[in-house]
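Asks: Coordinates only, no sequence provided:
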């Protein structure tokens with residue numbers, strides 16, 4: 001049980017560090033194929049990957065931590081997720 005909790009905490013911390021680094025280095029919006037991508041969308045995709053196949057419990061708790069960190073950080077923009085707005 002403790003390794004699962006620890007790996008989730010490590011995943012959450014990793015997502016926080018990545019978000020902080022990304023916002024510092026690339027302060028503008030992120031686009032993929034001329035469409036706006038929110039990091040909350042990436043978190044949802046990470047969490048949905050868990051339902052697709054068999055993943056070890058430690059790896060899945062790590063992915064849950066990463067996904068929840070990304071979702072938590074971008075939750076205020078949830079109404080804009082998966083709209084894929086075109087770059088202006």
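Replies: Nice, I can see it. Given the structure is predicted, the values throughout are model-derived calculations rather than measurements.
Asks: make it CA atoms for all contacts and neighbour counts henceforth
Replies: Fine.
Asks: contacting residues for residue 88?
Replies: Applying Cα atoms under 8 Å, 6 or more residues apart in numbering to residue 88 gives no contacts.
Asks: Look at residue 27 and report its pLDDT.
Replies: On pLDDT, residue 27 comes in at 65.
Asks: whoops, I mixed them up, residue 13
Replies: So, for residue 13, pLDDT stands at 88.
Asks: Need the three-state assignment for it.
Replies: Classification of residue 13 using DSSP: H, G, I helix; E, B strand; the rest coil returns helix.
Asks: What's the local residue count around residue 31?
Replies: 14 (other Cα atoms under 10 Å).
Asks: what does residue 57 give?
Replies: Residues near residue 57, counting by other Cα under 10 Å, number 13.
Asks: So it is in contact with residue 2, correct?
Replies: No: using Cα atoms under 8 Å, residue 57 is not in contact with residue 2, being 11.6 Å away.
Asks: pLDDT below threshold where in this structure?
Replies: Along the chain, segments meeting pLDDT under 70 span 27.
Asks: Helices along that one, start to end?
Replies: With DSSP state H as the criterion, the chain has helices at 2-25, 39-49, 57-73.
Asks: measure the spatially most central residue of the chain to residue 1 for me?
Replies: For the chain, the residue nearest the mean C-alpha position is residue 43 (2.9 Å; Cα atoms, centre = their mean). Separation of residue 43 from residue 1 (Cα to Cα, to the nearest Å) stands at 23 Å.
Asks: Just list the residues touching the residue nearest to the centre of the chain, thanks.
Replies: Residue 43 sits next to 66-71 when contact means Cα under 8 Å, 6+ apart.
Asks: Sounds good, over and out.
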